[in-house]
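Colleague: What follows is a predicted protein model with its sequence.
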Amino acid sequence: MLRVARCYSLARTKVAHNYSTIFRPEYALKCGLEIHTQLSTRNKLFSQSTNSSTPLVDVPNRHTSFYDIALPGTQPVLNLEAILFAMKLSLALNSQVNSVSQFDRKHYFYGDQPQGYQVTQHYRPFARGGKINLSKELDGIDESSKDISIVQLQIEQDTGKSHYTDADKDVITLVDLNRSNVPLIELVTNPDFNDIKQVRAFIKKYQNLVRHLHISSGDLETGAMRVDVNLSINGFARVELKNLPNTSSIINAIKYEYQRQVELISRGETSSLMEPETRGWTGSSTVKLRSKETTIDYRYMPDPELPYINLAPDVMSRVKESMPQLPDDMMRMLMKKPYQLSLKDAKILTYNSNQNDMYNHKVLRSYYLETFQEFFKLVGEQGSAKLPTNWIIHEFLGDLNKLHVPLIKAQEILPPIVFAEFLKLLHAETISPTSGKLLLFHILETFQRSNCRDRSIPDFPKLIREFELHAIDQVDSQELVSLCSDIIAQHTDDTFIRNLTSGKKRTSLKFLIGQGMRRSQGRIKASEFEKKFKEILDIQW
Ligand SMILES: Nc1ncnc2c1ncn2[C@@H]1O[C@H](COP(=O)(O)OP(=O)(O)OP(=O)(O)O)[C@@H](O)[C@H]1O
Ligand SMILES: [Mg+2]
Ligand SMILES: [Mg+2]
């Protein structure tokens with residue numbers, strides 16, 4: 001790594017805090033966000049080097065071209081994939097894409113910024129306006145609906161990364177330029193947030209959107225998404241909070257800073273809140289990094305080496321045609337008839353926990369939708385929508401998780417049409433739910449043991465015969481009688497049986513039924529056990 005001297009230190013002011021005092025209506029919170037999102041393009045923004053998506057495990061300075069390390073004489077060549085990704089995001093946010101936008105240089109000197117300036121869009125950003133709608137129904141905010149409006153979206157290049165070490169007691173900085181010139185989008189919102197729940201919901205929603213559009217991993221932890229919070233109270237100057245590595249830091253920093261400012265205002269000590277300042281988050285408190293007087297003059301200027309981005313009139317309409325259905329529309333569709341999913345289940349099909357999610361939501365969603373259709377084709381209108389939902393989203397996914405089998409593999413042996421057949425067995429009560437669980441797990445476990453190589457489709461009738469999983473419903477079945485008698489015989493305690501038959505302790509019947517269900521591994525229905533126990537014990541109530 002390159003070594004450079006460390007050039008600043010943090011000023012620390014310790015402020016006691018207590019989270020128990022939460023928001024007070026007389027101190028109105030106003031928040032705006034600036035979000036930097038790394039685009040997962042194949043190459044960097046202005047060079048051909050690989051845009052590595054695994055920054056933490058990569059060898060430092062491996063993905064660097066002459067341009068990325070700013071060798072004199074190298075020139076930028078714009079990566080059109082980054083423009084395409086920015087268009088997708090702008091369309092999803094309903095932002096107005098400018099037919100002409102332009103790159104500017106933002107000058108400052110830092111070890112991980114070898115050019116001495118960052119290429120960004122200051123005067124003519126890529127897009128302006130747009131919004132994200134938050135709602136009580138989908139996002140759990142307090143208001144029924146709240147729009148967070150967007151000021152602008154700009155394309156810019158990322159800087160390198162500095163690592164501070166203390167070698168031989170000299171503080172040195174190691175510079176890794178793998179990240180230098182990685183494409184970023186900076187999204188700036190208006191200060192429309194007035195509640196912490198809205199901030200949390202917005203971040204989650206925006207993160208899911210970039211994953212859904214496949215334009216970024218959206219991970220906060222790796223720095224693929226970085227959120228700066230601007231916060232002010234009752235019209236005082238805004239404070240910008242930086243260095244917030246994850247959602248809990250964002251939330252805790254807002255709580256802390258809100259409280260710090262409330263305390264200052266309530267004591268009348270507002271002089272420090274007259275001018276904007278930038279503060280960092282230490283993990284437990286915010287500390288001042290710089291004030292307005294020390295604001296850097298970036299000497300913005302149009303980059304003379306980069307021409308305008310001049311979009312042909314039909315480009316946007318063509319990108320629009322290729323846009324997928326957006327998560328909110330998808331959620332609303334899934335929560336309505338015929339699917340009638342709960343919010344939680346709809347989210348499982350729409351929200352990705354990360355981009356490399358084993359059960360990629362896109363694969364899962366199409367699996368669910370296809371199986372749903374096939375199931376209703378097989379059983380007609382009397383089918384219950386709950387059956388595919390519960391069995392796919394809960395049982396099947398749970399098994400895959402336990403067995404570490406990816407859905408993309410499992411669907412080779414259980415394609416939607418086959419899973420629909422399985423659901424039909426449950427619908428027709430050919431097998432009980434308990435037997436269904438055993439059967440499904442057995443099929444998947446056998447598949448896993450073959451290292452997912454044996455791709456033969458399961459033969460359900462054969463398996464049901466082999467494991468004697470057929471639901472038994474004849475009342476006079478010998479097995480039922482002997483099971484019930486056996487269970488009763490185990491209760492040598494007379495009072496137990498007496499209290500049950502007299503009706504004094506009716507819940508004991510449920511206990512006996514439970515034992516029966518367990519012993520028959522769920523093949524015999526609870527109602528059959530109930531009838532048989534009542535008959536044998538001559539229960540009249
Ligand atoms: N009164 C206010 N209270 C809280 N936030 C505010 C207020 N006024 C503006 N903001 C927020 O401050 C942010 C300003 O971001 P912007 O990128 O325009 O400027 P900057 O922070 O000065 O520049 P840089 O990108 O160099 O950090 C926006 O998110 C906006 O919503
Ligand atoms: Mg800012
Ligand atoms: Mg900004």
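Modeller: Ah, there it is. Ligands and ions are numbered 1, 2, ... in the order given.
Colleague: residues from this structure in reach of ligand 1?
Modeller: Contact residues (C-beta under 6 Å from any ligand atom) of the chain with ligand 1: 30-34, 188-191, 230-232, 238, 240. In short, each C-beta sits where N, CA and C put it, glycine included.
Colleague: nearest to residue 296, of those residues?
Modeller: Minimum distance to residue 296 across the residues of the chain next to ligand 1 is 13.0 Å, recorded for residue 240 (C-beta to C-beta).
Colleague: Walk me through the domains of the protein.
Modeller: With domains defined by automatic domain parsing, the chain comprises 34-228+298-302, 339-466, 478-537.
Colleague: Of these, which stretch is the most buried?
Modeller: With neighbours taken as mean count of other C-beta atoms under 10 Å, the domains of the chain reach their highest mean count in domain 34-228+298-302, at a mean of 18.
Colleague: Would you mind measuring the gap between the ends of that one?
Modeller: 22 Å (C-alpha to C-alpha, to the nearest Å).
Colleague: does residue 154 have beta-bridge partners, and which?
Modeller: Beta bridges link residue 154 to residue 186, judged by DSSP bridges.
Colleague: related to what we said a few turns ago, let's see which of the residues of the chain next to ligand 1 end up in strands.
Modeller: Filtering the residues of the chain next to ligand 1 for membership in strands, criterion DSSP state E, returns 30, 31, 32, 33, 34, 188, 189, 230, 231, 232, 240.
Colleague: How many neighbouring residues does the third one have?
Modeller: Residue 32: 21 surrounding residues under other C-beta atoms under 10 Å.
Colleague: again, but for the first one
Modeller: Counted with other C-beta under 10 Å, the burial measure for residue 30 works out to 17 neighbours.
Colleague: Off-centre distance for stretch 112-119?
Modeller: Offset of stretch 112-119 from its chain centre (C-alpha atoms, centre = their mean, to the nearest Å): 32 Å.
Colleague: Kindly check the end-to-end length of that stretch for me.
Modeller: In stretch 112-119, first residue to last residue: 14 Å (C-alpha to C-alpha).
Colleague: average model confidence for that stretch?
Modeller: Mean per-residue pLDDT for stretch 112-119: 95.
Colleague: quick revisit: need the ones in strands among the residues of the chain next to ligand 1 in a markdown table (columns: pLDDT).
Modeller: Below are these laid out as a markdown table (pLDDT from 0 to 100):
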| residue | pLDDT |
| --- | --- |
| 30 | 97 |
| 31 | 98 |
| 32 | 98 |
| 33 | 98 |
| 34 | 98 |
| 188 | 98 |
| 189 | 98 |
| 230 | 98 |
| 231 | 97 |
| 232 | 97 |
| 240 | 96 |
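Colleague: of these, closest to residue 412?
Modeller: residue 33 (42.9 Å).
Colleague: Which residue, other than its chain neighbours, is closest to the residue in the stretch 1-150 of the chain positioned nearest to ligand 1?
Modeller: As assessed by C-beta to the nearest ligand atom, ligand 1 sits closest to residue 32 within the stretch 1-150 of the chain, at 1.9 Å. Once flanking residues are discounted, residue 32 sits nearest to residue 191: 3.6 Å by C-beta to C-beta, 6 or more residues apart in numbering.
Colleague: That neighbour against residue 235, yeah?
Modeller: No: Residue 191 lies out of contact with residue 235 (C-beta atoms under 8 Å); the separation is 11.2 Å.
Colleague: ok, back up a step: quick one: closest of the domains of the chain to residue 23.
Modeller: Nearest to residue 23, of the domains of the chain and by C-beta to C-beta, is domain 34-228+298-302 at 7.4 Å.
Colleague: Give me the residue at the spatial middle of this protein.
Modeller: With distances taken as C-alpha atoms, centre = their mean, the residue of the chain nearest its centroid is residue 353 (3.6 Å).
Colleague: how much space is there between that residue and ligand 1?
Modeller: Distance of residue 353 to ligand 1, given as C-beta to the nearest ligand atom, to the nearest Å: 27 Å.
Colleague: ok, now residue 312?
Modeller: Going from residue 312 to ligand 1 by C-beta to the nearest ligand atom gives 29 Å.
Colleague: ok, now which ones touch residue 150?
Modeller: 93, 95, 128, 129, 130, 131, 132, 187, 188, 189, 190 (C-beta atoms under 8 Å, 6 or more residues apart in numbering).
Colleague: Give me the nearest residue to it, chain neighbours excluded.
Modeller: According to C-beta to C-beta, 6+ apart, the nearest residue to residue 150 is residue 130 (4.3 Å).
Colleague: Is that neighbour in contact with residue 97, as I believe?
Modeller: No: counting by C-beta under 8 Å, residue 97 is not a contact partner of residue 130; they are 9.7 Å apart.
Colleague: list the residues that contact both of those two?
Modeller: Common neighbours of residue 130 and residue 97 (C-beta under 8 Å, 6+ apart) are residue 90.
Colleague: Please tell me how far the residue lying closest to residue 244 once chain neighbours are set aside sits from residue 239.
Modeller: Of all residues not flanking residue 244 in the chain, residue 250 sits nearest, at 4.7 Å (C-beta to C-beta, 6+ apart). Distance of residue 250 to residue 239, given as C-beta to C-beta, to the nearest Å: 14 Å.
Colleague: swap in residue 445?
Modeller: Per C-beta to C-beta, residue 445 is found 56 Å from residue 239.
Colleague: And residue 405, by the same measure?
Modeller: Using C-beta to C-beta, residue 405 is found at 49 Å from residue 239.
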